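*Asks:* dropping a prediction and its sequence here:
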Amino acid sequence: MKALVIYDSAYGNTEEVAKVVGRALGEGTRIERVGDADWDDLKQYELVVVGSPTQAGRPTPAVKAFLKNIPAGSLKGVEVSGFDTRIDSQAQGFMLRTFMGFLGYAAGRIARQLEAKGGRLVKQPHGFFVQDKEGPLSEGELERAADWASSIARAKVSSE
């Protein structure tokens, strides 16, 4: 499978997840930081996964700009999904948990943008927890990322 994982990372946590996702997707997977990715190349991939830290409920400005600039319909026939890194709202106080619930997370927004450009969602977007704004990733999150990506690879193989 020819796959591309595009990510942005503020403190290295999302980059760690992107690398694990790329390895779990298997041979033929390319991993690129969003600033190095070219939306003109997306049509050559069978699968595109985009990841970002969640910032005020949204992806980073670089990921938002990248997604916005993908030409309409250019992901037709490409399977897609998204992921983010986030603080666990359930571990927060009532006010912060409520505020975070109101804002939401980046992964769903990423997936919707990819679908709006013609992509077909192969797996629901997913979030991976960091312990604090700058991290580190919570224990077990890299394993969860590998499991999530492996389930994408299995879904992709079974659909062929």
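*Replies:* Noted; the coordinates are in hand. These numbers were taken from a predicted model, which means no experiment stands behind them.

*Asks:* any idea where the strands of this structure begin and end?
*Replies:* Using DSSP state E, the strands of the chain run over 3-7, 29-33, 47-53, 79-87, 120-121, 126-130.

*Asks:* most neighbours per residue, which of those?
*Replies:* strand 47-53 (a mean of 28; mean count of other CB atoms under 10 Å). C-betas here are computed from N, CA, C, even on glycine.

*Asks:* contact partners for Q55?
*Replies:* Applying CB atoms under 8 Å, 6 or more residues apart in numbering to Q55 gives the contacts 10, 106.

*Asks:* number of nearby residues for A56?
*Replies:* As a burial measure, A56 scores 9 neighbours (other CB atoms under 10 Å).

*Asks:* that older thread, right, so of the strands of the chain, which gets closest to R144?
*Replies:* Each of the strands of the chain has some distance to R144 by CB to CB; the shortest is strand 126-130, at 6.4 Å.

*Asks:* quick one on the thing from earlier: so which of the strands of the chain comes closest to A106?
*Replies:* The nearest among the strands of the chain, by CB to CB, is strand 79-87 at 3.8 Å.
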